[in-house]
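In: Below are the sequence and a predicted model for it; my questions follow.
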Amino acid sequence: MNNASPSGLYVHVPFCKGKCRYCDFFSVTGNELVEPWLHAVCREASLFAEEWGEMDSLYLGGGTPSVLSDEQLAYLLDRLRLQFRFSADTETTIEMNPDDVDTPRMRRLRRMGFNRVSLGVQSFREVELAWLGRRHDGGRARSAIEAVRSAGFDNLALDLMYGLPGQTRGAWEQNLRLALQFRPEHLSCYMLTVEEGTPLGRIHALGRFQPLGEEEVSDLFLFTSRFLEEEGYLHYEVSNFARGAQRISRHNGKYWSHIPCLGLGPSAHSYRAKVRWWNVRSVGEYCRKIASGERPTAGSEELDREQLKLEAVYLGLRTGGGIPLALLENQPHSLGALDRLVREGFLRRDGDRILPTRRGYLVSDRLPLELLP
Amino acid sequence: MSQGLTVLQRMKRNPMGPIRNFSIIAHIDHGKSTLADRLIQWAGLVPEREFRDQILDTMDIERERGITIKSQTISIPYTSRSGGKYELNLIDTPGHVDFSYEVSRALASCEGVLLLVDASQGVQAQTLANLYAAMEQDLTIIPVINKIDLPSADVEGVKEQIETELGLESETAVLCSAKEGIGIQDVLEAIVERVPPPSGHPEEPLAALIFDAQYDSFRGTVVSCRVFDGRVGPGDVIRFMSNGATYRVEEVGVFRLSREPRAALSAGEVGYIISGVKTVSDTRVGDTITLDTRPAPAPLPGFKEVKPVVFSSIYPVSSDEYLGLAESLEKYKLNDAALVYQKDSSVALGQGFRCGFLGLLHLEIVQERLEREYDQAIVMTFPSVEYRFTLKDDSTVTVDNPQYFPDPVDIKATFEPFIKASIIIPERYMGAVMKLAIDRRGSNPRFNYPSPGRVEIVFDMPLAEVIFDFYDRLKTVTQGYGSFDYDLIDYRESDLVKLDILVNGEKVDALSLIVHKDRAREWAVQVCERLKEEIPRHQFKIAIQGAIGGKIIARSTISAFRKDVTAKCYGGDITRKRKLLEKQKKGKKRMKMVGSVSIPQSAFVAVLKTDHE
Ligand SMILES: Nc1nc2c(ncn2[C@@H]2O[C@H](COP(=O)(O)OP(=O)(O)OP(=O)(O)O)[C@@H](O)[C@H]2O)c(=O)[nH]1
Ligand code: SF4
Ligand SMILES: [Mg+2]
């Protein structure tokens, strides 16, 4: 159904200067493999070029795309543009770490054609940044934002993190206010998730810190939503806020509505026509496979009707747009559960759509289980 | 009735033969399966590197729990010291009292038993019970003192017990260590020398006793039988004497570690018959198989009927699986003759079955095997004993299911079964055991001193108080030194009430239980707490209440959860999350909906577990 919409292109840049303690994204430190990776990605792009039609979003994520030099970035963009057809208004995002940002550089990036910058700020507070294992400090975060702005970017996205151990509502509010000074067009506010296998996960398993309680995190979530909506932001996805509908991340929206997206680079996921596939999680293996002319796919799955529906309900109810009532197919079980969830204030009906409420967002992992038989 | 007598008579006709049929019987853990291992190894039936301990405990549950649940038959060849060649049919039996029906059926196909006694534990409750069962069948009894390798082994003491408590001659006892492989040949020699060979004539009409059966999805029912007379082989048309059903035999054979086909089974042999029996209900353990063309004049005496002591209902987790459960139970019953059941139904759980068990462990095993072997998701209700009520119109009713608890206004008197509980312990645990027994409404204690330092305390006690975890508690308070045995004595008047459990105001009939009035509150609190641990939090608050009549006597609350959300959900997170949801959805199918509360199957089970103190 969504095959008519222009697709999205994601490039995974799997390099970081160091690993943050909470992070479970796939990335490696050290830059020996950057050049081989760059050429591999460009070749991978050529493997797919013919099969994919018009694109209207390009997202460089990671890892840390900003560890690439300007020349490497320019080369990458050129090659991608050669291979794929991008519409004139393509949303072209680059994720950057504050310590890689200065005004002249941002100007160059803008000239290359990036029109959206996503800055991994996480926090403006030193203690929090240190605890998270980030490499910048609060001052650096602020000057990075200023640099992005003064280079003329009018689509700035900031990533913030909350729900840290011991974090008070006041401390979090202060972070939010600092961010708002710059009127970012987009804010992602993520509750801290302690992932197994990360350094944070390991010390958590050892009982070395007490995560913030469920009540407190829930309160922070609701507070964030209310606070940012009062400030004119649209809470359009569980963790995402946009200053107006046109600032919603076009690229990320594709993941949530089964619009085709091609992912290049190690560990990148792609989706098209009910099929999802993903690349190997190793830079070396990725490069080797590409070099031998193979697709670097590690696995794939074809979604059946049930699975598509489950994902549609799950992903849809994580977004402000919700899901069409028709998705529940008049199943008595589903309609009964729907009535109850509406009564209890987790969902609301709007014409023929079902929308999550703020409290609904907070239990969105549960909603499909309640609604689907 | 005695099968043994006829065997003895027939033996005179055919004194020597190569076959010996015997069971290994003992109290739990005295080493039956380990001894069976050594006998099997002696015969060289299994290559050394494929051997594993307690090789006859083939079921996963047996291996996990380290106990035998099913009797297992295996034929092993043996060449005696004097060069005679024998075929030994060994049946390893379970020691736990809940599986005593397995033992009694095994005995019906034997001429002798090895009665094992653990050299450090000595004679225990099931040693005696199993000895009596063997004596009742007139079987040759060979006492075997096992575990003589243990530092705590007291061979002399055990010999004395064999004389005084078992009434057997202690010189006849064979000493061995099954674990260390000591004395194994002595055991084998004793079998061929002392156990009489089976009698019976291959030329007489076929009479084969079904002592066990199993459903095989490829081959239909596989019957385990002991042929007393006649001969049976592929192509014969056999008849089940109880119902006249006839089938053509496809295969017969003996049990090695797996089934081993033979040309025929003859009088005296133990083996299996496969005859494409598809109607599961045609096969009844205890029935006699004969030949259609030349039937035996009368069926062999079957088995004593099982008398269940514990009752509980089984429901499918989702009601549309009722028929599947019915079919599974029928097949399961083939392999567990001790289970009895009939239809039942509940408001909360729909259609199901009321089942009778020989004890709580039996109940647990039935549940687990139905789930594992038949992939049935089931819910079981609180176990109950059989209560009696005299109503105001002087009629009496028997109730083993709280659902049928009479209206209290009609009740004149309530009665519950009492037992004589005998507990043998080292004296130092007397205080702890007295307390436990009194907590469980034990009364009228009597004391015996069977040997210095040991005391036997006999109590009158309601059966309902021991079907449940009593033995576990006893083991805990006596650090494993307590042994426990009981006999039903009579029904006594008792102040019984029905305790109802309400979840968010809705009565869950399947959670109701009949309890003594004085213990009602304690139970109510416990069940409420248990459910609180087991029912997952919902988006709303859940109240759990225990009530008698309309009166609430205990409550607990499950707070609502506020947050269940994944922070990041981009490209790769989606598949991972969907898979989790799929798994949770499956899990939810295993939950029972009561109103809008999903109660996991585990909750029904968990209320069955107690942890007093
Ligand atoms: N030391 C020692 N341990 C033994 C001996 N025989 C058995 N055991 C141990 O006793 C335990 C129980 O042995 P099993 O053979 O499973 O006992 P069982 O009588 O078959 O038990 P159930 O079938 O549950 O009644 C195991 O841990 C054995 O290793 C022996 O001769 N010496
Ligand atoms: S959070 Fe970002 S910068 Fe930190 S290790 Fe992960 S990918 Fe790299
Ligand atoms: Mg055993």
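Out: Done, it's in. Ligands and ions are numbered 1, 2, ... in the order given.
In: burial count for residue B:401?
Out: Other residues near residue B:401 come to 19 when the count uses other C-beta atoms under 10 Å in any protein chain shown. From N, CA and C alone the C-beta is placed, and that goes for glycine too.
In: who's in contact with it?
Out: By C-beta atoms under 8 Å, 6 or more residues apart in numbering or on different chains, residue B:401 lies in contact with B:311, B:313, B:344, B:354, B:384.
In: could these be laid out in JSON lines, adding distance to residue A:239, secondary structure and neighbour count?
Out: Converted to JSON lines, the contacts of residue B:401 look like this (distance: C-beta to C-beta, whole Å; DSSP: H, G, I helix; E, B strand; the rest coil; neighbours: other C-beta atoms under 10 Å in any protein chain shown):
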{"residue": "B:311", "distance to residue A:239": "53", "secondary structure": "strand", "neighbour count": "23"}
{"residue": "B:313", "distance to residue A:239": "47", "secondary structure": "strand", "neighbour count": "27"}
{"residue": "B:344", "distance to residue A:239": "50", "secondary structure": "strand", "neighbour count": "20"}
{"residue": "B:354", "distance to residue A:239": "52", "secondary structure": "strand", "neighbour count": "20"}
{"residue": "B:384", "distance to residue A:239": "52", "secondary structure": "strand", "neighbour count": "22"}
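In: could you say what helices and strands the helix or strand hosting residue B:476 packs with?
Out: Counting by DSSP states H and E, the element that carries residue B:476 is helix B:470-477. When contacts are defined as 3 or more C-beta pairs under 8 Å, 6 or more residues apart in numbering or on different chains; DSSP states H and E, helix B:470-477 packs onto helix B:430-439, strand B:483-493.
In: And the first one, what does it pack against?
Out: So that's helix B:430-439. Packing contacts for helix B:430-439, counted by 3+ C-beta pairs under 8 Å, 6+ apart, involve strand B:411-426, strand B:454-462, helix B:470-477.
In: thinking again about what came up before, which one, of the helices and strands packed on helix B:470-477, ends up nearest to ligand 1?
Out: strand B:483-493 (13.9 Å; C-beta to the nearest ligand atom).
In: And the helix or strand that the closest one is followed by, what does it pack against?
Out: Counting by DSSP H and E, the next helix or strand C-terminal to strand B:483-493 is strand B:496-503. Applying 3+ C-beta pairs under 8 Å, 6+ apart, one finds that strand B:496-503 makes contact with strand B:513-516, helix B:520-534, strand B:542-548.
In: now the longest one against strand B:496-503, angle please.
Out: The directions of helix B:520-534 and strand B:496-503 differ by 30 degrees, with axes from the mean of the first three to the mean of the last three C-alpha atoms, to 10 degrees as the criterion.
In: now helix B:520-534, how far from the chain's geometric center?
Out: Helix B:520-534 sits 28 Å away from the centroid of its parent chain (C-alpha atoms, centre = their mean, to the nearest Å).
In: Quick one: residues in contact with that helix.
Out: If you take C-beta under 8 Å, 6+ apart as the criterion, helix B:520-534 is touched by B:497, B:499, B:501, B:503, B:511, B:513, B:515, B:544-548, B:553-558, B:599-600, B:602-603, B:606-607, B:609-610.
In: what sits against the nearest residue to residue B:173 once chain neighbours are set aside?
Out: Leaving aside its sequence neighbours, residue B:173 sits nearest to residue B:143 (C-beta to C-beta, 6 or more residues apart in numbering or on different chains; 4.2 Å). Contacts for residue B:143 (C-beta under 8 Å, 6+ apart) come out as B:115, B:117, B:162, B:166, B:168, B:170, B:172, B:173, B:174.
In: Would you check that the fifth one makes contact with residue B:162?
Out: It refers to residue B:168. Yes. With contact defined as C-beta atoms under 8 Å, residue B:168 reaches residue B:162; the gap is 5.2 Å.
In: These two: which has the busier surroundings?
Out: Set residue B:168 next to residue B:162 and count neighbours by other C-beta under 10 Å: residue B:162 wins out with 24 against 19.
In: With ligand 1 in mind, check whether the helix or strand that one falls within reaches it.
Out: Using DSSP H and E, residue B:162 maps to helix B:155-164. No. Helix B:155-164 stays clear of ligand 1 (C-beta under 6 Å from any ligand atom), getting no nearer than 12.2 Å.
In: contacting residues around residue B:223?
Out: B:210, B:212, B:213, B:272, B:273, B:274, B:275, B:277, B:283, B:289.
In: can I see the domain layout of chain A?
Out: What the record gives for chain A is the domain set A:7-256, A:305-371, from automatic domain parsing.
In: Residue B:35: which of the ones you listed is closest?
Out: Using C-beta to C-beta as the measure, domain A:7-256 is the one of the domains of chain A that comes nearest residue B:35, at 45.3 Å.
In: show me where the stretch 151-300 of chain A has strands.
Out: For the stretch 151-300 of chain A, applying DSSP state E, counting those that start in this stretch gives strands covering A:156-162, A:186-191, A:234-237, A:240-242, A:261-264, A:269-272, A:275-279, A:297-302.
In: For those, could you give me TSV that also reports mean neighbour count?
Out: Shown next, in TSV, are the strands of the stretch 151-300 of chain A (neighbours: other C-beta atoms under 10 Å in any protein chain shown):
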stretch	mean neighbour count
strand A:156-162	23
strand A:186-191	23
strand A:234-237	20
strand A:240-242	24
strand A:261-264	24
strand A:269-272	22
strand A:275-279	20
strand A:297-302	13
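In: Adding mean pLDDT and distance to chain B, write those out as TSV.
Out: Formatted as TSV, the strands of the stretch 151-300 of chain A follow (pLDDT from 0 to 100; distance: least, C-beta to the nearest C-beta, whole Å):
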stretch	mean pLDDT	distance to chain B
strand A:156-162	97	9
strand A:186-191	98	4
strand A:234-237	97	8
strand A:240-242	98	10
strand A:261-264	97	6
strand A:269-272	96	4
strand A:275-279	96	6
strand A:297-302	95	7
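In: Of the ones you listed, which is nearest residue A:74?
Out: Here strand A:261-264 is closest among those (C-beta to C-beta), at 16.9 Å.
In: before we move on, back to that, now the strands of the stretch 151-300 of chain A as JSON lines including distance to residue A:213?
Out: Shown next, in JSON lines, are those (distance: least, C-beta to C-beta, whole Å):
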{"stretch": "strand A:156-162", "distance to residue A:213": "13"}
{"stretch": "strand A:186-191", "distance to residue A:213": "12"}
{"stretch": "strand A:234-237", "distance to residue A:213": "23"}
{"stretch": "strand A:240-242", "distance to residue A:213": "24"}
{"stretch": "strand A:261-264", "distance to residue A:213": "36"}
{"stretch": "strand A:269-272", "distance to residue A:213": "33"}
{"stretch": "strand A:275-279", "distance to residue A:213": "35"}
{"stretch": "strand A:297-302", "distance to residue A:213": "36"}
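In: which outside residues touch the longest strand along chain A?
Out: Within chain A, and with DSSP state E defining each element, the longest strand by residue count is strand A:85-96. With C-beta under 8 Å, 6+ apart as the test, strand A:85-96 has contacts from A:6, A:53-62, A:64-66, A:73, A:109, A:113-120, A:144, A:148, A:155, A:157, A:249-251.
In: Which one of the residues in the stretch 251-373 of chain A is closest to ligand 2?
Out: In the stretch 251-373 of chain A, the residue that lies nearest ligand 2 is residue A:267 (11.1 Å; C-beta to the nearest ligand atom).
In: Please apply the same query to the stretch 401-550 of chain B.
Out: Closest approach between the stretch 401-550 of chain B and ligand 2, counting by C-beta to the nearest ligand atom: residue B:537, at 31.3 Å.
In: in which helix or strand would I find whichever residue of the stretch 1-150 of chain B sits closest to chain A?
Out: Nearest to chain A in the stretch 1-150 of chain B, going by C-beta to the nearest C-beta, is residue B:64, at a distance of 27.4 Å. Assigned by DSSP H and E, residue B:64 belongs to helix B:60-65.
In: where does residue 304 land on pLDDT?
Out: In the absence of a named chain, this looks at chain A. Reported pLDDT at residue A:304 in the predicted model: 95.
In: The chain in question should be chain B.
Out: According to the prediction, residue B:304 has pLDDT 85.
In: Quick check: it vs ligand 2, distance?
Out: Remark: distance between residue B:304 and ligand 2 (C-beta to the nearest ligand atom, to the nearest Å) = 71 Å.
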